[in-house]
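In: pasting the sequence and the predicted coordinates here, then a few questions.
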Amino acid sequence: MLLLPLQIKTQIKKMQNKITILGTGTSTGVPTIGCNCQVCTSKDKRNHRLRTSVHLESSDGISILVDTSPDLRYQVLRSSIKKVDAVILTHEHADHLHGIDDLRPFCFAKTPKSSINVIPIYTTKKVSEELTIRFPYIFQANKIFDLNHPQIGGGIPHLNLINIDTDTDQPELLLDEILGEKFTFFISPHGYTHTISFIHSKLGYFVDIACIEEKTLETLKNANLDILIIDCLREKKHQTHLNLDTALSYAEYINAKFTGLIHLAHNLEHQSLTDLLMSRYGCDKKILPLEDGQILYYS
Ligand SMILES: [Zn+2]
Ligand SMILES: [Zn+2]
């Protein structure tokens, strides 16, 4: 008997890499606390944006979380993420980091062989140093707890920091693999710091960036991406983020099959922005704002 189209579709999807958009909002989230603007009071769910974070599931079933936002607990519950094999932390800003304690349940071991899972965290040396200062109970546990003062109670996340060898003069880097998955990492300026961006297979992920270096743009263009996810804070220019015009000019140049705009502030209303992009690029839905919970597939 022939497979039904839906079954064929499901089988194809299983062979592809999957990205789940856990949050599309800027650092405050949308709505912003105390704000009565049109977007913050909107009943349209697409205007409700948790802090920016995504989850990748490779075609081989490897589960990689990108950033641990302060909304992490709700995000993983909402998207039914049951395991995390590795984490990439893009940079040290609070909106990308401060949910790190919510990795704890993913460290509860599922096998009788070991009592804990240790999750590898791939990030820069600078972020590793910041983490050690901000979360000493996780990253300096051996200094805080000892025989006379053992760690008791609910436990701590068990995380292993792995530094990506970054060099801001060499913005393009290749890290062979994370658990067998090949990543190309890039370093982009973001205010007083730098952010890790990456290409994984046919996905490009570039958030919290002030610009994209020319050489990186060429690499992105030549990568023939299925999906580009790109920073897009608001219409007005910003010192540390891409604004709409710059994000669109990069997106046009890179020419991915689909570009999703992320890290959106409350100045951008979902339907109005969609209408603007449809009128500019036609109805083939090539460049659109992302929404929380959205799932996309790439080869
Ligand atoms: Zn951010
Ligand atoms: Zn940031």
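Out: Okay, I see it. Ligands and ions are numbered 1, 2, ... in the order given.
In: give the buried residues for stretch 82-100.
Out: Within stretch 82-100, the residues that count as buried by 16 or more other C-beta atoms under 10 Å are 84-93, 95-100. Where C-beta positions appear, they are placed from N, C-alpha and C, glycine not excepted.
In: so which of these belong to strands?
Out: 86, 87, 88 (DSSP state E).
In: residue contacts, the second one?
Out: Same thing as residue 87. 64, 65, 66, 67, 68, 103, 119, 120, 121, 122, 159 (C-beta atoms under 8 Å, 6 or more residues apart in numbering).
In: wait, residue 188 sits on residue 212?
Out: Yes - counting by C-beta atoms under 8 Å, residue 188 touches residue 212, with 6.2 Å between them.
In: now for the two: what residues contact both?
Out: residue 206.
In: picking up where we left off before, can you put the contacts of residue 87 in JSON lines and add neighbour count, pLDDT and distance to ligand 2?
Out: As requested, the contacts of residue 87 are exported to JSON lines (neighbours: other C-beta atoms under 10 Å; pLDDT from 0 to 100; distance: C-beta to the ion, whole Å):
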{"residue": "64", "neighbour count": "22", "pLDDT": "97", "distance to ligand 2": "20"}
{"residue": "65", "neighbour count": "27", "pLDDT": "98", "distance to ligand 2": "17"}
{"residue": "66", "neighbour count": "25", "pLDDT": "98", "distance to ligand 2": "13"}
{"residue": "67", "neighbour count": "26", "pLDDT": "98", "distance to ligand 2": "10"}
{"residue": "68", "neighbour count": "26", "pLDDT": "98", "distance to ligand 2": "13"}
{"residue": "103", "neighbour count": "23", "pLDDT": "97", "distance to ligand 2": "20"}
{"residue": "119", "neighbour count": "19", "pLDDT": "96", "distance to ligand 2": "22"}
{"residue": "120", "neighbour count": "15", "pLDDT": "96", "distance to ligand 2": "22"}
{"residue": "121", "neighbour count": "23", "pLDDT": "96", "distance to ligand 2": "17"}
{"residue": "122", "neighbour count": "22", "pLDDT": "95", "distance to ligand 2": "17"}
{"residue": "159", "neighbour count": "21", "pLDDT": "96", "distance to ligand 2": "21"}
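In: now, which of those residues lie within strands?
Out: Those of those lying in strands (DSSP E): 64, 65, 66, 119, 120, 121, 122, 159.
In: closest to residue 251 among these?
Out: Residue 251 has its nearest neighbour among the ones in strands among the contacts of residue 87 in residue 66, at 19.4 Å by C-beta to C-beta.
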